[in-house]
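Chemist: Give me the fold of what follows.
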Amino acid sequence: MSLQLEQDAQVPLQTHIDEFSSRFAIMIFIWIVASIIWITNIDAILERVVQIIDPCIEECTNLYEPAKWSEIRWLSGALLGFITIIPVIVYQAFIFARPGMMKNESNWLITWLVLGSIAFIANVALTVLVIMPYLFEIGHNNHVNLGFAAKYDVVAMLTMAMAVIWVEVLVISGAIAMIIAGLNGLLHEGNSRWWRLRVHGIISMLILLSFYGHFSLSISLMIVSFSCIEILSIPWIKSKSNLQISSPEIFDEFGITRKILFAQCECNNDYIISEDSISSNAFFSFKSICTSKKEKENLYAIINTNKFTDFFIFGCNSKSLNNQIENNLFTSKCKLRNDMSNHNPKNFIDLEHYTLNTGFLIASLQDPWSSEQSISKIIDLVKENKDRNYIINASGRDISIDGKIDSDEILIHIKKENENAIKSELELIGCKYRIWES
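Modeler: Here you go, the predicted structure:
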């Protein structure tokens, strides 16, 4: 199951399959047409390429396998046809994938497609014009020094050039994918295993399929590919994500590890709690998550990066926010908690009043904490604020507190069965309190 972003259309899976099929068919058709056009002029092009890579001063190449020459002609035509339609491929791939991607993911995709295409074309030109002529010249000089007669199979030379180009393209594509992912904040220490498994896995599979008759060569090429990509992407593989938030791990009553994220939606409110006020818990402040698509996407990225299991949000004036994000949080294996959804700064006198009541509300939360832990945290806060008066709400219901709390009062939410324990502790500390009356 994947995230359903606001810009995503609610359409059946078959619609996506049909769209993919039509776009893929268009690209195949254009590729075939472009390849056929190149085939009509391929002999002159291959003759020029052979002249470039021929290491002899006088021509020393020959055609020993005429049947293979037709294969080389068609492969070369297909390669040139593919290069010709690269802009179409980039456009079709991006248009198809963009609606289901977050902004940083779409930035990664378009950058990878564009840079990968440029690198592919540059690599073909560099290999044919510089690298292969240089390598063949070195080999030719060695042959001459050993006393061999220089006679080279043109099919073998072109096949070797294509194989080198293919391996270079795979390695460069993988390296660019990892580097761009790191620059866009998608690759970091926390998910580097995910990226490496897929990039190395795909490249290794393609190498094995391309050189299936040469196992030793395939293993060598895979080692070279792995080493090059790892070296180039190591700064991001070892780096921390800029979305990393320190969070204590809590064990619930079933021994399951839970990570809690508290967040406020500022929503044009006058009172904004600072991060230092909730330093013992993971906390993040959104400007207006209820109206900003970018901030919703940022929330999903934060939760996926840090593997949060519970999400509390407060301070938001929108009544539809929870419905907008609940399904995506569920997909990310994170539970949306509504315990603080009615907690709004507009109900309090000033920032200090709002901050103190927020701290007490967080302390009163249960699940994954136990009743005993909740009471203990509340009492610790009470001891730090002995000069305050307290209101005990043991009704177990969401209440409207607008205008019903004085500036020196703090509301304590507690279960009915724990009411007497809280009263006893407040009396022992010497704090005044009253019971909430709706």
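
Chemist: Only C-alpha atoms from now on, for both contacts and neighbour counts.
Modeler: Noted.

Chemist: Going along the chain, name the strands of the stretch 51-200 of the chain.
Modeler: Using DSSP state E, counting those that start in this stretch, the strands of the stretch 51-200 of the chain run over residues 61-62, 152-153.

Chemist: Turn those into JSON lines, including distance to residue 290, mean neighbour count and mean pLDDT.
Modeler: As requested, the strands of the stretch 51-200 of the chain are exported to JSON lines (distance: least, Cα to Cα, whole Å; neighbours: other Cα atoms under 10 Å; pLDDT from 0 to 100):
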{"stretch": "strand 61-62", "distance to residue 290": "70", "mean neighbour count": "14", "mean pLDDT": "76"}
{"stretch": "strand 152-153", "distance to residue 290": "68", "mean neighbour count": "16", "mean pLDDT": "81"}
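
Chemist: Nearest to residue 78 among those would be which one?
Modeler: Each of the strands of the stretch 51-200 of the chain has some distance to residue 78 by Cα to Cα; the shortest is strand 152-153, at 21.8 Å.

Chemist: In JSON lines: the strands of the stretch 51-200 of the chain, plus distance to residue 70.
Modeler: JSON lines is the format used below for the strands of the stretch 51-200 of the chain (distance: least, Cα to Cα, whole Å):
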{"stretch": "strand 61-62", "distance to residue 70": "15"}
{"stretch": "strand 152-153", "distance to residue 70": "14"}
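
Chemist: And those strands: which comes nearest residue 101?
Modeler: If you check each of the strands of the stretch 51-200 of the chain against residue 101 by Cα to Cα, strand 152-153 wins as the nearest, at 48.8 Å.

Chemist: Any stretches of the stretch 251-400 of the chain with poor pLDDT?
Modeler: Applying pLDDT under 70 to the predicted model, the residue ranges of the stretch 251-400 of the chain that meet it are 322-324, 396-400.

Chemist: Which residue ranges of it form helices?
Modeler: Counting by DSSP state H, counting those that start in this stretch, the stretch 251-400 of the chain has helices at residues 293-306, 321-331, 351-364, 371-384.

Chemist: how about these in CSV, adding mean neighbour count?
Modeler: Output for the helices of the stretch 251-400 of the chain, formatted as CSV (neighbours: other Cα atoms under 10 Å):
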stretch, mean neighbour count
helix 293-306, 18
helix 321-331, 17
helix 351-364, 19
helix 371-384, 16
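
Chemist: In CSV: these, plus distance to residue 187.
Modeler: Written out in CSV, the entries for those read as follows (distance: least, Cα to Cα, whole Å):
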stretch, distance to residue 187
helix 293-306, 10
helix 321-331, 21
helix 351-364, 33
helix 371-384, 38
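
Chemist: Of these, which is nearest residue 394?
Modeler: When the helices of the stretch 251-400 of the chain are compared by Cα to Cα, helix 351-364 sits nearest residue 394, at 11.1 Å.

Chemist: counting contacts, what elements does the closest one pack onto?
Modeler: Packed against helix 351-364, as judged by 3 or more Cα pairs under 8 Å, 6 or more residues apart in numbering; DSSP states H and E, are the following elements: helix 371-384, strand 409-413.

Chemist: Would you mind listing the buried residues in whichever strand in the chain runs longest?
Modeler: Assignment by DSSP state E gives strand 257-265 as the longest strand of the chain. Within strand 257-265, the residues that count as buried by 16 or more other Cα atoms under 10 Å are 258, 259, 260, 261, 262, 263, 264, 265.

Chemist: which residues does the fifth one form a beta bridge with?
Modeler: Listed beta-bridge partners, residue 262: residue 283, residue 312 (assigned using DSSP bridges).

Chemist: so what's it up against?
Modeler: 281, 282, 283, 284, 311, 312, 313 (Cα atoms under 8 Å, 6 or more residues apart in numbering).
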